[in-house]
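S.K.: sequence first, predicted coordinates after that:
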Protein chains: 2
Amino acid sequence: MEINTDAQKIEEILTRSVDTIYPNKEKFEELLKSGKQLRIYMGIDATADYIHLGHSTNYIMLKRLHNLGHKIIVLIGDFTAMIGDPSDKTSARVQLTKEQVQENLKTFKEQIGKILNFEDTENPIEFRFNSEWLEKLTFKDAVELASHFTVQRMLERDNFEKRIAENKPLYVHEFFYPLMQGYDSVALDADVEIGGTDQTFNMLAGRTLLKQYKNKEKIVVAGTLLENPITGEKLMSKSLGTGIGLNETPNEMFGKVMALPDEVIIQCFIDCTYLKMDEIEKITQQMKEGTNPRDFKLQLAVELVKMYHGENEAQKAKEYFINTFSKKQTPDEIIELKPTENNIVAVLLEAGFVDSSSDARRSIEQGGVKVNEQKIDSFDYEVDVGDVVQKGKRFFVKIV
Amino acid sequence: MEINTDAQKIEEILTRSVDTIYPNKEKFEELLKSGKQLRIYMGIDATADYIHLGHSTNYIMLKRLHNLGHKIIVLIGDFTAMIGDPSDKTSARVQLTKEQVQENLKTFKEQIGKILNFEDTENPIEFRFNSEWLEKLTFKDAVELASHFTVQRMLERDNFEKRIAENKPLYVHEFFYPLMQGYDSVALDADVEIGGTDQTFNMLAGRTLLKQYKNKEKIVVAGTLLENPITGEKLMSKSLGTGIGLNETPNEMFGKVMALPDEVIIQCFIDCTYLKMDEIEKITQQMKEGTNPRDFKLQLAVELVKMYHGENEAQKAKEYFINTFSKKQTPDEIIELKPTENNIVAVLLEAGFVDSSSDARRSIEQGGVKVNEQKIDSFDYEVDVGDVVQKGKRFFVKIV
């Protein structure tokens, strides 16, 4: 494989959406310029059924590295998902069953495939599951892994420290998570691991193990997290069930982007789109000079929907948004629908408000569906001509 | 199996050499009086090649329970020996190889067999190895086991707390030890576990697990440790390599008992002999009234050598002790030996100063062997008639 060592492209990889590189930026730069094909991976646990924009940042990094010719490995933590990463929480995570994990996994590849090209045959992207090696480990292997870490080092983890300080139980098995994620690096014989800053501790555990087991120095790239720069709040969290999923419908995605606070627009452009940095710089400048942030938010929403649903859907979603939410939701101006069936579930599907019948039923169950401003609680409800069907706060359709 | 529920015998079991019973003495008493056959075990790690008097205390307890008709299990920690119990140390233990453990195991059964009757066919004593189940555990099982304990609880262990306070490294794998010992209880489906007080934490871990896995309440009997009541010093420690081994020669054992400080005589009678408590009470009384403790130490030495080598050897060892060490080591009065070979190694063996040729060579290497008050440093040294051969401080023989 011919490795591209274009200095500008390397510079973008070394800086865009990057928080910290271990041991340092120079070491990674040297490797990228060496012309050697590197084995680079990012792991994700199958603890929910969607990938969100926060993850997309890292997959975009991987895409840039794939474009340079490096070997990319998408690792699915199907084994680790059963344990639960205590990283971004201050309580022990619920352990998932194998079945729950399998269910969550179903559409992962398809979602990630919207960013990474799994069809590339010249330099195929590996798609791996960590159950492949972690299931084979014995109790003795676990002891061996653990012997490379002190309890003191484990307790230095921010969230562990916090739990201890707050007298909240910290379970011994939670120490196993960094060991497992660390062992992934060994099993994959990785040169580089990419992840969010919340994964730094786990990724560095892998650096320690790779050094011990193979005397190899793994590069760790800790990418920026999508956070509100004012409140410090995390915008996307799989474990909290928040964020914008890559599998959302164009209208949902568009609406959610428009609901983001103005202060995160620039970060979203940098982390989640392919827009060039100089163009993003121009937007920053224009906002400073007083242009309404809403205009750029619309541009961001179009960019994002385009990435995951194509240009056509992006324009339709924009129109839809302007016709409904943006025009203060006056029912007179809402889109009209002549449904083929009158059943409420079918109508929600045809309107494009939901992805599936079960999604529709869930919305009804949660009280999120109204007809003429009255909540619907039966899946068998039949609509009539003239009815206004509403899902959530933003989606309206008039039956004609 | 007919279970003996003799109240006096039960009372001795509940009190003699017992420090604490968990959850309480009454619960154990109730079980012992129920007439039900109990599954009772004690585990020992094969981390050294000898069993010492400190262990004998627990095996004597097991013998008393075996005499009542209960099912006794002698558990050998061949798997745990490879990990190392951090119990009685303030630094991480060296992990042993499988070969080292096998070597240490060779004579274990024989040594324990001097106390417990492995020949009993009516109520056979089980002899088990924990590799049987611990080797089969997976990483996932380890996670499951660990999920029943908090880090906080682990850190409450005396010696862990101490290591943290002293900024000494505490390794994560050391947390695994209590989990493994605890799982032994589950695998053996034990009703009762017996061990020294230094094992309390590990034994209670097993109590927790048995409750979780089988909803069974295991009794834990923490036996007293052989300690100097004045200095608090532990008299026997396998991991420190000190103490009096059950496999020592009659003369060695006798000499070592005589070297014990006076203040531990009574405790040794209670913990290591079958002497009745009222007789021990009488000895205590006589010592208070001024009888020379040396007389009782001689009695203790005779009792102990008798237990492991028989009455005849005990008397011979007593005579030997009196003829050498006790009579201020005057070479004129020492025992005479007409060796069949003149080689120093052979002479040491024939004199009964060592157990094996390698033992003899080790003594020579360590500078512990003298001929006519000159240190010997060659294994090929030949003795002559009239020579006085000396091993250590107490063993002399005159070549005739």
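M.R.: It's in.
S.K.: wait, isn't residue A:71 in contact with residue A:65?
M.R.: No - using C-beta atoms under 8 Å as the test, residue A:71 is too far from residue A:65 to be in contact (9.1 Å). Every residue, glycine included, has its C-beta placed from N, CA and C.
S.K.: can you give me the offset of the lengthiest helix in chain A from its chain's centre?
M.R.: If you go by DSSP state H, chain A has its longest helix at helix A:293-309. Its chain's C-alpha centre and that of helix A:293-309 lie 17 Å apart, by C-alpha atoms, centre = their mean, to the nearest Å.
S.K.: just the buried residues of it, please?
M.R.: Going by neighbour count (16 or more other C-beta atoms under 10 Å in any protein chain shown), the buried part of helix A:293-309 is A:293, A:296-309.
S.K.: what lies in contact with that helix?
M.R.: Outside helix A:293-309, the residues within contact range by C-beta atoms under 8 Å, 6 or more residues apart in numbering or on different chains are A:53, A:114-115, A:244, A:246, A:250, A:253-254, A:257-258, A:260, A:262, A:265, A:268-269, A:272-275, A:283, A:286-287, A:313-315, A:317-318, A:321.
S.K.: if you look at these, which of them are in helices?
M.R.: Those of those mapping onto helices are A:53, A:250, A:253-254, A:257-258, A:265, A:268-269, A:272, A:283, A:286-287, A:313-315, A:317-318, A:321, per DSSP H.
S.K.: buried ones only from those residues, please, as a ChimeraX command.
M.R.: Per 16+ other C-beta under 10 Å, the buried members of the ones in helices among the contacts of helix A:293-309 correspond to this ChimeraX selection:
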select /A:53,250,253,254,257,258,265,268,269,272,283,287,313,314,317,318,321
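S.K.: go ahead and confirm residue A:318 touches residue A:253.
M.R.: No - counting by C-beta under 8 Å, residue A:318 does not reach residue A:253; the two are 11.2 Å apart.
S.K.: who in the stretch 1-150 of chain A is up against chain B?
M.R.: Residues of the stretch 1-150 of chain A that fall close to chain B, judged by C-beta under 8 Å from any C-beta of the partner chain: A:82-83, A:95, A:134-135, A:137-147, A:149-150.
S.K.: doesn't residue A:181 belong to a strand?
M.R.: No - looking at residue A:181 with DSSP: H, G, I helix; E, B strand; the rest coil, it is helix, so not inside a strand.
S.K.: once you drop chain neighbours, what's closest to it?
M.R.: residue A:202 (4.1 Å; C-beta to C-beta, 6 or more residues apart in numbering or on different chains).
S.K.: swap in residue A:233?
M.R.: Looking at residue A:233 with C-beta to C-beta, 6+ apart, the closest residue is residue A:227, at 6.5 Å.
S.K.: pretty sure that neighbour contacts residue A:234?
M.R.: Yes - using C-beta under 8 Å, residue A:227 is in contact with residue A:234, at 5.5 Å.
S.K.: next up, identify which helix or strand the residue nearest to residue A:181 is on.
M.R.: Taking DSSP states H and E as the definition, residue A:202 sits inside helix A:200-214.
S.K.: show the average pLDDT along that helix.
M.R.: Across helix A:200-214, the average pLDDT comes to 95.
S.K.: now the element after that helix, going C-ward?
M.R.: As assigned by DSSP H and E, the chain's next helix or strand after helix A:200-214 is strand A:219-223.
S.K.: show me what that following strand is packed against.
M.R.: Where contact means 3 or more C-beta pairs under 8 Å, 6 or more residues apart in numbering or on different chains; DSSP states H and E, strand A:219-223 is packed against strand A:18-22, helix A:25-33, helix A:53-67, strand A:192-196, helix A:200-214.
S.K.: mind checking which of the ones you listed is nearest residue B:173?
M.R.: Closest approach to residue B:173 among these is made by helix A:200-214 (13.2 Å; C-beta to C-beta).
S.K.: same for that closest one, what does it pack against?
M.R.: strand A:18-22, helix A:176-188, strand A:192-196, strand A:219-223.
S.K.: and the angle from the third one to helix A:25-33?
M.R.: Okay, so that is strand A:192-196. If you take axes from the mean of the first three to the mean of the last three C-alpha atoms, to 10 degrees, strand A:192-196 sits at 120 degrees to helix A:25-33.
S.K.: mean confidence score for strand A:192-196?
M.R.: 97.
S.K.: neighbouring contacts of stretch A:178-187?
M.R.: Against stretch A:178-187 from outside (C-beta under 8 Å, 6+ apart): A:41, A:43, A:75, A:77, A:79-80, A:83, A:85, A:130, A:132-134, A:137, A:142, A:145-146, A:149, A:154, A:157, A:190, A:193, A:199, A:201-203, A:205-210, A:213-214, A:218, B:139, B:172.
S.K.: for residue A:289, what are phi and psi?
M.R.: When quoted as degrees, to the nearest 10, the phi and psi of residue A:289 stand at phi -80, psi 0.
S.K.: and the gap between it and residue A:282?
M.R.: Note on residue A:289: its distance to residue A:282, by C-beta to C-beta, to the nearest Å, is 11 Å.
S.K.: okay, the two: which has more neighbours?
M.R.: Ranked by neighbour count (other C-beta atoms under 10 Å in any protein chain shown), residue A:289 and residue A:282 place residue A:282 first, with 12 against 7.
S.K.: is it true that residue A:121 lies in a strand?
M.R.: No - counting by three-state DSSP, residue A:121 falls outside a strand, being coil.
S.K.: now it: how far from residue A:68?
M.R.: Residue A:121 sits 18 Å away from residue A:68, going by C-beta to C-beta.
S.K.: before we move on, what about residue A:10?
M.R.: Residue A:10 is 8 Å from residue A:68, where distance means C-beta to C-beta.
S.K.: anything in contact with each of those two?
M.R.: residue A:32.
S.K.: who touches residue A:152 in this structure?
M.R.: B:164, B:167, B:169, B:170.
S.K.: the first one: what secondary structure?
M.R.: When the structure is reduced to helix, strand and coil (three-state DSSP), residue B:164 reads as helix.
S.K.: domain ranges for chain A?
M.R.: Domains of chain A are assigned by automatic domain parsing as A:7-223, A:250-323, A:333-399.
S.K.: all helices for the stretch 1-150 of chain A, in order.
M.R.: Secondary structure of the stretch 1-150 of chain A by DSSP state H, counting those that start in this stretch: the helices cover A:7-15, A:25-33, A:53-67, A:80-83, A:98-105, A:108-112, A:131-134, A:139-146.
S.K.: so residue A:121 and residue A:68 - more neighbours on which side?
M.R.: More crowded of residue A:121 and residue A:68, by other C-beta under 10 Å: residue A:68, with 20 against 6.
S.K.: wait, that one touches residue A:8, no?
M.R.: No - using C-beta under 8 Å, residue A:68 is not in contact with residue A:8; the gap is 11.5 Å.
S.K.: the nearest residue to residue A:284 once chain neighbours are set aside and chain B, how far apart?
M.R.: Counting by C-beta to C-beta, 6+ apart, residue A:284 lies nearest to residue A:266, which is 5.5 Å off, once chain neighbours are set aside. Counting by C-beta to the nearest C-beta, to the nearest Å, the gap from residue A:266 to chain B is 41 Å.
S.K.: low-confidence stretches in the stretch 51-200 of chain A?
M.R.: In the predicted model, the stretch 51-200 of chain A carries pLDDT under 70 at residues A:84-96.
S.K.: okay, now residue A:24: neighbour count?
M.R.: Neighbour count for residue A:24, taken as other C-beta under 10 Å: 11.
S.K.: oh, that last question was meant for residue A:243, not what I typed.
M.R.: Residue A:243: 21 neighbours (other C-beta under 10 Å).
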